[in-house]
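Trainee: I need the structure of the sequence given here:
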Amino acid sequence: MPTEPTGADRSSRARGVLFSRPALLIAFAFAVMADPVSSVAYAIEAALRALGGDLALLLPTMALVVAVVALVITNYHQLVARFPEGGGAAAAAGAAFGEGWAFIPIGALIVDFVLTIAISVSAAASAVIAYVPGLAPWRVPLAVLVVTAVAALTWFGHLGRAVFAVMTIGFVLVGAMVLTGGLTAAPVDTVAAATPPGGHVAFVAILLAFPVAMALATGVEAPSSAIAQLGQLDDAGRRRFGRVTLWLTLGIVGTLTLGLTAIAVRLGIGIPAPESTQIANIAQASVGPRLYAVFQLLTALLLLAAASSSFQAGPGLLKALARRTHLDGNETGILHPRMGVANQHHTPYWAVALFLLVSIAVVVAAGAQDQELVLFYAVSVFMSFLVGLIAMAKFDHTEHRRVSMAVSVLGAVVIGFTLIVNLLRGYPIVSLGAACGIAGILYWLWVRAGRPRGIARAVIDAEAQTDQ
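Mentor: Sure, this is the predicted structure:
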């Protein structure tokens, strides 16, 4: 006669399900894609503004953006195969050209983390203001309060993959409802008058506009470094998780982006009023007031999850780069040891404080306007993309893999074009200058420290800490 399972047996089974590979994959994948999924909240509107409000060109522009994201993911699919322990572009650059070159993607990542925090909290403030327009005069204080609260939460340690995964899944599900509702919703008048870009034929206008919307691509490379968190898996398991996450990200981000864009065009939802956002107007026109409120709430929470993720990864990277003395007496690292000081929850609080101060400065300088920040956003991370793709092209050339090399070269050319067009807009050169400046300072400190080995693994070490 079978015995009744005890409470301990049931608890053991529950833990087994919770930590099974499918559950781990879902938690990992949806947590890692929080950044690119949250970018949907402002990337479509950024493209429309770059097009001068011409809705007729919006869908082909975003289709081109998604195609470029697919090209990047195709290349990172190969990068994950080569570096299953993680590290991303930094590991690739260090292996291909020498460890000193790893500082270029590392410098780009540091700037990207700051901008991710700033634009995410600004976009979250925009989502709240779109639902409660009376808060518009308090935009900057609201964003500063939010970014301070997110930073304060890191004192208690990492929130874990599950929290970010739940927020991402919730946004995706409600986003799917918005897409469904938009299919039958009645068209509305555009919020602001659309002025097509004068003097440009359509394809030229698209080529000049799509680089701004490439903010959508920020974070798509994250699985290539975040797989370092999966210490419980072997190389084959990490490689599989990384690749599945890359393509799942493309499927979800691409579907949401193109679907919401198509609805905006169908319903005639153009550039929004100052106190609203285009994605908020799309949701409001597509679903009822209750679901619209839920959508705005989940949008804000997802954006804050993306900011929180960068508050973990950025300070974690500084901690990994901090000088420390090991038990054998050897000293590693290049930054001041204070950057590595952590509390009982493994939080490097001085590094968090540094990121908080810089992020607040960026938020205040931009007036907490996410559409101002988006112009700077896609520059630094594209430096990292470019270095990673060039490194992969070198590997493929050395190993006589012609098809893979052609894909890497094509990716590098497209990313280079995107980077140049964004820089020609003027102000984005600040992001490039900041990334290069940080890379240069880190390189100088590295040389001064005697060129310690293993610096290209700093990104791996930083990611491995996020699962503590």
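Trainee: Now do stretch 397-414, average pLDDT.
Mentor: Averaged across stretch 397-414, pLDDT comes to 92.
Trainee: which residues make contact with that stretch from outside it?
Mentor: Stretch 397-414 is contacted from outside by 68, 71-72, 74-75, 78, 385-386, 389-390, 392-393, 395-396, using C-beta atoms under 8 Å, 6 or more residues apart in numbering. Bear in mind the C-beta positions are built from the backbone N, C-alpha and C, glycine included.
Trainee: Buried residues in it, which are they?
Mentor: Buried residues in stretch 397-414, counted by 16 or more other C-beta atoms under 10 Å: 401, 404, 405, 407, 408, 409, 411, 412, 414.
Trainee: Throw those residues into JSON lines and include secondary structure and distance to residue 214, thanks.
Mentor: Formatted as JSON lines, the buried residues of stretch 397-414 follow (DSSP: H, G, I helix; E, B strand; the rest coil; distance: C-beta to C-beta, whole Å):
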{"residue": "401", "secondary structure": "coil", "distance to residue 214": "27"}
{"residue": "404", "secondary structure": "helix", "distance to residue 214": "23"}
{"residue": "405", "secondary structure": "helix", "distance to residue 214": "23"}
{"residue": "407", "secondary structure": "helix", "distance to residue 214": "18"}
{"residue": "408", "secondary structure": "helix", "distance to residue 214": "18"}
{"residue": "409", "secondary structure": "helix", "distance to residue 214": "19"}
{"residue": "411", "secondary structure": "helix", "distance to residue 214": "13"}
{"residue": "412", "secondary structure": "helix", "distance to residue 214": "15"}
{"residue": "414", "secondary structure": "helix", "distance to residue 214": "10"}
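Trainee: any idea how far residue 151 lies from residue 117?
Mentor: 8 Å (C-beta to C-beta, to the nearest Å).
Trainee: In the protein, where is pLDDT below threshold?
Mentor: 1-19, 157-162, 189-200, 325-331, 463-468 (pLDDT under 70).
Trainee: export the helix or strand residue 282 falls within as CSV, just CAs?
Mentor: Following DSSP states H and E, one finds residue 282 within helix 278-286. Presented in CSV, the C-alpha positions along helix 278-286 are these (Å, rounded to 0.1, in the frame of the first residue of the first chain):
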residue,chain,number,x,y,z
GLN,A,278,3.1,57.1,-27.9
ILE,A,279,3.0,53.6,-26.4
ALA,A,280,0.6,54.9,-23.7
ASN,A,281,-1.7,56.4,-26.4
ILE,A,282,-1.6,53.1,-28.3
ALA,A,283,-2.6,51.1,-25.2
GLN,A,284,-5.3,53.6,-24.3
ALA,A,285,-6.8,53.4,-27.8
SER,A,286,-6.6,49.6,-27.9
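Trainee: next helix or strand past that helix?
Mentor: Defined by DSSP H and E, the subsequent element after helix 278-286 is helix 289-321.
Trainee: Having no further points to raise, I will conclude here.
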